[in-house]
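Trainee: fold the following for me, if possible:
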Amino acid sequence: MRIIADFHIHSKYSRATSKDMDIPNLARWAKLKGIDIMGTGDFTHPLWLHELKQALKPSSTAEGLYEYDGVHFILTAEVCNIFSSGGKARRVHNALFAPSFEVVDKINKEFGYIGNLAADGRPMFGLSAEELVKIALSASPDCLIVPGHVWTPWFGVLGANSGFDSVEECFGKEAKNIYCLETGLSSDPAMNWRLSKLDKYSLISNSDSHSPQKIGREANVFDCKMSYKEIINILKTKDKKKFLYTVEFFPQEGKYHWAGHRACGVSMSPLEAKNNNYTCPRCGKGITIGVESRVEKLADRPEGFTPDNAIPFKSMIPLIEIIAEARGKTSTSVGVIDEHMKTIKRLKSEFNILFDMQDAELEKELAGPVADAVKRVRNGQVHIAPGYDGVYGEVKIFGKDEKPPEKEKQMELF
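Mentor: As a prediction, the model looks like this:
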């Protein structure tokens, strides 16, 4: 069976996160989006863990997964490891997967000796990445540890400021227990394929969402039975028959795709950044080195190379943003929100519209501009201004001098 999963999110107990990030809202939006398995996020936080235990019940049909209102959940969390390596301070984010609340309790007991679990949904520990793996696997060999958003400059294991050029440098003797990497919003699998040393890892993509409306902006699609162990084994073995593809943000829209200096409004391609010696041409200060520059530095393959064992991916823009541009409005406008909600309820789910419906169905069921916009995004016909130094990029479907088709079908949408 086809399963769509978004493993990495944050609860309302994480910083800068919507108060609506609770189980009922996550389940509601998962149904609207068409997501079958949601990560819980933040299982280290005592209040959130209490809510999870109250709301989630063991699934009667999916071993190792939990259920709420017809949506399955997998126990996940993200932690920030702050430690010294090679005489320098390191900061790396890692995601954890656990098979049961009993295992989570064991992990949290050990973490409680190290840091304040109640301080934030994503706790900070003075603990090396290597020690993190040991704690998780001591609680259960069925745990999975995944380096999070591996290319982001500040907290990704391969980011420009991590101090590491490989997974092995960061995880030491425990690197053998790392099977999977999270690409993050600022990179896609194609960028990771340029490094031959990453070929052995499964590449997963998740929303890292801080609000329920944004879950599923990146996701993973499997063809397997609904089972914790089954999914973990697929990720560990990089099973191409069962791991079908990932759903990707256009990476240029991520906040750290290009190099740049936000204070001066300067963004630069990898070549421009290199030619400027990684300094801002306006103020002379150092710039934040973007993901694309960092990939270019470590790559041993040209752009466009695809490994034999690569898991495919599909780039997409969330439907509400597609509707907004087709209508010439913002995604927060009342009319766009209303159309988005009624459209996905009428046509099964957002993922059904974005990926499953044939072109002829889109033209029949959606207003002209919206149908045209969905087809353009599917074909990669977009205009992109890359993000940099914490500033999100912009991905536009229609060019500056181009208007959406004026002709619309008269439809009884509402």
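Trainee: can you list the domains in this protein?
Mentor: Split into domains by automatic domain parsing, the chain comes to 2-253, 321-396.
Trainee: chain center to the shortest one, what's the gap?
Mentor: When you say that, I think you mean domain 321-396. A distance of 19 Å separates the centroid of the chain from that of domain 321-396, by C-alpha atoms, centre = their mean, to the nearest Å.
Trainee: which one of the domains of the chain lies closest to Pro281?
Mentor: Set against Pro281 and scored by C-beta to C-beta, the domains of the chain come closest in domain 321-396, at 13.6 Å. Where C-beta positions appear, they are placed from N, C-alpha and C, glycine not excepted.
Trainee: now do the end-to-end distance for the closest one.
Mentor: 9 Å (C-alpha to C-alpha, to the nearest Å).
Trainee: export stretch 287-299 as CSV, just CAs?
Mentor: What follows is stretch 287-299, C-alpha atoms only, in CSV (Å, rounded to 0.1, in the frame of the first residue of the first chain):
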residue,chain,number,x,y,z
ILE,A,287,28.9,36.1,4.6
THR,A,288,26.9,33.1,5.5
ILE,A,289,28.0,30.4,3.2
GLY,A,290,24.9,28.8,1.6
VAL,A,291,24.0,25.2,1.0
GLU,A,292,24.8,25.3,-2.7
SER,A,293,28.3,26.7,-2.1
ARG,A,294,28.9,24.1,0.6
VAL,A,295,27.8,21.2,-1.7
GLU,A,296,30.0,22.6,-4.5
LYS,A,297,33.0,22.6,-2.1
LEU,A,298,32.6,18.9,-1.0
ALA,A,299,31.2,17.5,-4.3
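Trainee: run through who's touching that stretch.
Mentor: 151-153, 158-161, 165, 184, 186-187, 191-192, 194-195, 251, 254, 256-262, 266, 268-270, 273-274, 276, 278-280, 386, 388-390 (C-beta atoms under 8 Å, 6 or more residues apart in numbering).
Trainee: am I right that Leu137 falls within a helix?
Mentor: Yes: assigned with DSSP: H, G, I helix; E, B strand; the rest coil, Leu137 falls within a helix.
Trainee: neighbours of it, how many?
Mentor: Leu137 has 15 neighbouring residues, counting by other C-beta atoms under 10 Å.
Trainee: for it, what are its contacts?
Mentor: Neighbours of Leu137 in contact, by C-beta under 8 Å, 6+ apart: 143, 145, 177.
Trainee: can you do 6 Å?
Mentor: Cys143 (C-beta atoms under 6 Å, 6 or more residues apart in numbering).
Trainee: then Thr246?
Mentor: 205, 220, 313.
Trainee: give the partner strands of the helix or strand where it lies in its sheet and their orientations.
Mentor: According to DSSP states H and E, Thr246 maps onto strand 243-248. Applying DSSP bridges to the sheet, strand 243-248 is found paired with strand 219-223 (antiparallel), strand 313-315 (parallel).
Trainee: compile those strands into JSON lines and extend it with columns for mean neighbour count, distance to Leu362 and mean pLDDT.
Mentor: Formatted as JSON lines, the strands paired with strand 243-248 follow (neighbours: other C-beta atoms under 10 Å; distance: least, C-beta to C-beta, whole Å; pLDDT from 0 to 100):
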{"stretch": "strand 219-223", "mean neighbour count": "21", "distance to Leu362": "20", "mean pLDDT": "98"}
{"stretch": "strand 313-315", "mean neighbour count": "19", "distance to Leu362": "16", "mean pLDDT": "97"}
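Trainee: same list (these) but as TSV, adding distance to Ile74.
Mentor: Shown next, in TSV, are these (distance: least, C-beta to C-beta, whole Å):
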stretch	distance to Ile74
strand 219-223	11
strand 313-315	21
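Trainee: how far away from the center of its chain is stretch 287-307?
Mentor: 19 Å.
Trainee: just the helices in the stretch 101-250 of the chain please.
Mentor: 101-112, 129-139, 167-171, 189-192, 228-237 (DSSP state H, counting those that start in this stretch).
Trainee: check the stretch 251-400 of the chain too.
Mentor: Counting by DSSP H, counting those that start in this stretch, the helices of the stretch 251-400 of the chain are 270-275, 291-298, 319-327, 334-346, 350-351, 359-365, 368-378.
Trainee: want to throw those into TSV with mean pLDDT, mean neighbour count and distance to Phe111?
Mentor: Formatted as TSV, those follow (pLDDT from 0 to 100; neighbours: other C-beta atoms under 10 Å; distance: least, C-beta to C-beta, whole Å):
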stretch	mean pLDDT	mean neighbour count	distance to Phe111
helix 270-275	94	16	38
helix 291-298	95	22	29
helix 319-327	96	23	37
helix 334-346	97	16	38
helix 350-351	98	22	35
helix 359-365	97	14	48
helix 368-378	96	21	41
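Trainee: no further queries at this time; thank you.
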